[in-house]
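Engineer: For reference, the sequence and a predicted model appear below.
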Amino acid sequence: MGIRARAAERKARMVAHRARSFQDAEAWDLAFWQSQTPQQRLSALVAIRKDIAKVRKARRSAGPNGFED
């Protein structure tokens, strides 16, 4: 699958909400995650953990100026 196809697939799955307050954002977030299946929630958690690992690895390999050596 090419980059354009992956981008189109990702865009089709995106869900967004413009919150009017912190309380609105929290209520929407709770409703969103409760509407997801356990498999979808677990998949999101795994993806977040993988992203965190990538960031940590990049930080370790960064030089003193914040960029990779």
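Structural biologist: Received it, and whenever you're ready, just let me know what you need.
Engineer: which one's the longest helix in this structure?
Structural biologist: When the chain is parsed with DSSP state H, its longest helix is helix 38-61.
Engineer: Can you give me the pLDDT of the residue nearest in space to the middle of the chain?
Structural biologist: Nearest residue to the geometric centre of the chain (CA atoms, centre = their mean): residue 48, 5.9 Å. Listed pLDDT for residue 48 reads 96.
Engineer: Pull up the gap between it and residue 14, please.
Structural biologist: 16 Å (CB to CB, to the nearest Å). Quick note: C-beta positions are derived from backbone N, CA and C, even for glycine.
Engineer: And residue 14, how close does it get to residue 21?
Structural biologist: Shown here: residue 14 relative to residue 21, a distance of 22 Å by CB to CB.
Engineer: Kindly report the same for residue 47.
Structural biologist: 28 Å.
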